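>>> got a sequence here, can you model it:
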Amino acid sequence: PEREVPVKYDAEKDTFHEIKVGGYRPSGRAHHAAWVSKGPKINGTKRTYLHTFGGIGPVGPVKELTKEEIGWSELQSMLAAPDFKAPALRSRVRSSAARGDARGGDERRGAPVDESPSTSSGTVAELVALMSRFAPSGVAMLRGGSTAIMHHASVAGGGSGVRPASWSPSLTLSVELMSGFLGGIQIDPDEANALISGDGDAQKAESLRAYVRSLRAMMGVGVPPLPGTHLSPEVAIPGGYPARWLVPPRPSASSASGAPRRRVVAWIHGGAFLFCGGTTTHARLLSSVGLAADARVFSVEYPLAPDANASYASMLDAALAAYAWLVSRDGGGVDPRDVVLGGDSAGGHLALGLVREIALRKHDKADDSCEVGALPLPAGVALMSPWCDPGRERESSRRAWASATRGECVDYLRGVEASMDTVDRLVFGAEEARRGVTRCLIDREAWDGRVMDVRSLPPALVQCGGAEVLATEARRFRDVASDAGWENVVLEEWADMP
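Residues are numbered from 1 along each chain as shown. The predicted structure follows:
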C-alpha cells in the first residue's frame with residue numbers, strides 16, 4: 001500500500017490542497033487505515049505524506065504535512081490511535097500551527113520537537129509488523145503471475161493444462177494474481193480467538209482489526225461506475241447503516257423517455273463478510289446491473305467483521321433495516337413490486353437470509369419481538385455466485401473446497417480456503433453463539449414449508465461460473481429450493497468461467 005499520492009502544492013501561499021479519493025464516509029462507522037511516506041523537498045522543505053483510507057465506504061482525505069507543522073511522534077501516535085479520524089487530524093494540524101505562531105514560530109522554523117523514543121519506536125514497530133503481513137500476498141502474486149505465463153507458454157508450444165482452453169492470457173493472469181493476493185491473507189487464529197472470546201489478549205484482537213482494516217483500504221480503490229452514473233450522497237437508514245443510490249445512464253432504447261425509473265435493484269455487496277463496500281469496490285458492477293435492468297440501484301451497507309458488534313445477526317439486521325426503509329412510505333417510498341433484491345458472494349447469503357426472514361415474519365404474524373415487523377416481499381431475487389454454506393456443513397461443499405487444496409480448482413477463491421474456518425468463526429461466532437442463526441442456506445430445513453409459505457417466494461435468478469468453487473453451492477441451492485416448493489428458481493451457469 002505504500003505509494004505516492006499526488007498532492008497539489010501552492011508555492012506562493014506555502015499551502016497544499018486536499019485530495020478526495022472516491023466514495024463517502026458512513027457517519028461514525030468508517031474504519032480507517034493510514035500510513036506515511038517521506039517525499040522530496042518542496043520549496044526547501046522536507047515533506048511528509050499522510051495517506052488515509054476508509055474501509056466501509058470512502059476514503060478520507062490525503063494530506064501533505066511538514067514535520068514542522070506537527071511533531072513526527074505526535075503524527076505517529078495519531079495514526080496508531082484506534083479512533084483516528086481525518087477531521088481530528090485537520091484540527092490538530094491547525095492547533096499545532098497556531099501553537100507554533102504563538103511561540104514565535106519556533107516549531108515552524110524547525111526547532112526540535114519533543115519526540116518520545118518509546119512512543120515513536122513502538123508505533124514504528126507496529127506499523128512494520130502490520131506491513132510485513134502483506135509480504136506473503138506479494139510473493140504469492142509473483143508466483144501466480146509466473147504460473148500464468150508458463151501455462152500459456154506451454155499451450156503455445158502445443159501443451160495443455162488444468163485451466164480451460166477458452167481462457168485468454170489476460171484472464172489467466174488476473175485469476176492467478178487475485179488467487180495469490182487472497183492466498184497471502186494471514187488471519188492469525190490466536191488473534192481471532194482473542195477477539196471471539198472477548199476476554200483474551202486485547203492487543204491481539206486490535207492487531208487483527210487493524211490488519212483487516214488495512215486490507216479493506218487496499219481493496220477500497222475500486223473501479224469507478226459507468227460514465228454518466230449519478231452517485232447520490234449517503235442516505236441515513238434508521239437503525240441501519242448509510243446506503244447510497246446509483247442512477248446509471250438510460251439504455252439507448254429508453255433514452256427518449258424522461259419519466260423517472262420505477263424499478264429498483266437493492267444490492268448487498270459481497271466480500272466474505274469482512275471486506276469491500278458497495279460504492280467503493282462494486283460501483284462498476286452496480287452501475288452495470290442498473291443499466292442492464294434500466295433501474296436505479298440501492299446499495300446497501302452493513303457492519304463488517306471483525307469490527308465491534310459485527311456478527312452475522314447484526315449484518316442481517318442492517319440489511320433488513322435498509323430494505324424496510326426502501327419500501328416504506330416515509331422512507332424510500334418504493335413499491336416492493338418494483339424491487340429486485342440482489343447480492344453477490346457473501347452478499348448473496350445476506351440477500352437470501354433477508355428473503356427468508358421476511359417470509360418467516362409473514363408466516364408468524366404474532367411475533368412482535370422484532371423492531372421492523374412484517375414486510376412485503378420483493379418482486380424478485382438475483383444472486384451472483386452466492387456463498388450459501390460458509391461453514392461447509394454440506395458434504396458437497398466440503399468436497400468442492402477440498403478440490404481447491406488439491407489444485408483441481410482453478411477459481412481464484414481457492415486462495416482463501418486456508419482462512420475459511422477462522423472467517424466463519426469471526427462472522428458467526430463460537431458454536432454456542434450460533435443458536436437461532438441459519439448459517440447454511442442449502443439445507444432443506446432452511447426452506448421448510450411448515451414455518452414459511454415457500455410457494456409465495458418471488459422468482460429467483462442465480463448466476464455462477466462453471467469453473468468457480470461456489471458453483472456447487474449455487475447448484476444445490478437451486479435443487480433444494482425447488483424441491484421445497486420455491487417456484488421459478490432459475491440457475492444460469494457459464495462453462496469455464498471463474
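>>> quick check: end-to-end length of stretch 265-273?
20 Å (C-alpha to C-alpha, to the nearest Å).
>>> and if you look at stretch 455-466?
End-to-end distance (C-alpha to C-alpha), stretch 455-466: 28 Å.
>>> who's in contact with it?
355, 359, 362, 377-386, 411, 449, 470-471, 474, 477-478, 481, 485-498 (C-beta atoms under 8 Å, 6 or more residues apart in numbering). C-beta here means a position set from N, CA and C on the backbone, and glycine is covered the same way.
>>> all strands for the stretch 301-450 of the chain, in order.
Taking DSSP state E, counting those that start in this stretch as the criterion, the stretch 301-450 of the chain contains strands spanning 339-344, 380-384.
>>> list the strands paired with the first one, with their directions.
When sheet partners are counted by DSSP bridges, strand 339-344 sits next to strand 264-268 (parallel), strand 380-384 (parallel).
>>> out of these, deepest packed?
Across those, averaging neighbours per residue (mean count of other C-beta atoms under 10 Å) puts strand 264-268 on top, at a mean of 27.
>>> just give the closest residue to residue 299, not the sequence neighbours.
Leaving aside its sequence neighbours, residue 299 sits nearest to residue 278 (C-beta to C-beta, 6 or more residues apart in numbering; 3.5 Å).
>>> need the strands of the stretch 301-450 of the chain in TSV with mean pLDDT and distance to residue 142, can you?
TSV is the format used below for these (pLDDT from 0 to 100; distance: least, C-beta to C-beta, whole Å):
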stretch	mean pLDDT	distance to residue 142
strand 339-344	97	28
strand 380-384	98	30
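>>> what's the neighbour count on the nearest residue in space to residue 161 that is not next to it in sequence?
Nearest residue to residue 161, sequence neighbours excluded (C-beta to C-beta, 6+ apart): residue 151, at 5.0 Å. Burial of residue 151 is recorded as 21 neighbouring residues (other C-beta atoms under 10 Å).
>>> tell me who's in contact with the spatially closest residue to residue 340 that is not a sequence neighbour.
Using C-beta to C-beta, 6+ apart and skipping the chain neighbours, the partner closest in space to residue 340 is residue 380 (4.3 Å). Residue 380 makes contact with 340-341, 458-461 under the criterion C-beta under 8 Å, 6+ apart.
>>> nearest to residue 198 among those?
Residue 198 has its nearest neighbour among these in residue 341, at 33.2 Å by C-beta to C-beta.
>>> now do the closest residue to that closest one other than its chain neighbours, the pLDDT please.
Leaving aside its sequence neighbours, residue 341 sits nearest to residue 378 (C-beta to C-beta, 6+ apart; 4.4 Å). With respect to pLDDT, residue 378 has a value of 97.
>>> so where do the helices sit in the stretch 251-400 of the chain?
Using DSSP state H, counting those that start in this stretch, the helices of the stretch 251-400 of the chain run over residues 283-293, 312-326, 346-363, 395-405.
>>> which residues of the protein score low on pLDDT?
Counting by pLDDT under 70, the ranges of the chain that qualify are 1-132, 199-200, 222, 252-259, 365-373, 407, 430-436.
>>> name the surrounding residues that touch the longest helix seen in it.
Scanning the chain for the longest helix, with DSSP state H as the assignment, gives helix 135-156. Identification of contacts with helix 135-156 by C-beta under 8 Å, 6+ apart yields 160-161, 163, 165, 169, 172-173, 175-177, 179-186, 415.
>>> make it 7 Å
For helix 135-156, contacts defined as C-beta atoms under 7 Å, 6 or more residues apart in numbering pick out 161, 163, 169, 172-173, 176-177, 179-181, 183-186.
>>> buried residues in that helix, which are they?
Counting neighbours by 16 or more other C-beta atoms under 10 Å, one finds that the buried residues in helix 135-156 are 137, 140-141, 144-145, 147-148, 151-152, 155.
>>> quick one: contacts for residue 391?
424, 428, 439-440.
>>> surely residue 297 and residue 232 touch.
No - contact criterion C-beta atoms under 7 Å: residue 297 and residue 232 do not qualify, at 10.3 Å.
>>> tell me which of the two has more neighbours.
Taking other C-beta under 10 Å, residue 297 and residue 232 do not tie; residue 297 has more neighbours (30 against 15).
>>> bridging residues for that one?
Judged by DSSP bridges, the bridge partners of residue 297 are residue 246, residue 265.
>>> hang on, residue 264 packs against residue 336?
No - between residue 264 and residue 336 there is no contact under C-beta under 7 Å: 9.5 Å.
>>> what's around residue 171, how many residues?
With other C-beta under 10 Å as criterion, residue 171 counts 16.
>>> now the one 10 residues further on
Look at residue 181: counted by other C-beta under 10 Å, it has 21 neighbours.
>>> with the one 10 residues further on instead?
Other residues within reach of residue 191, judged by other C-beta under 10 Å, total 24.
>>> how close does the residue nearest to residue 161 get to residue 168?
Between residue 151 and residue 168 the distance is 12 Å, computed by C-beta to C-beta, to the nearest Å.
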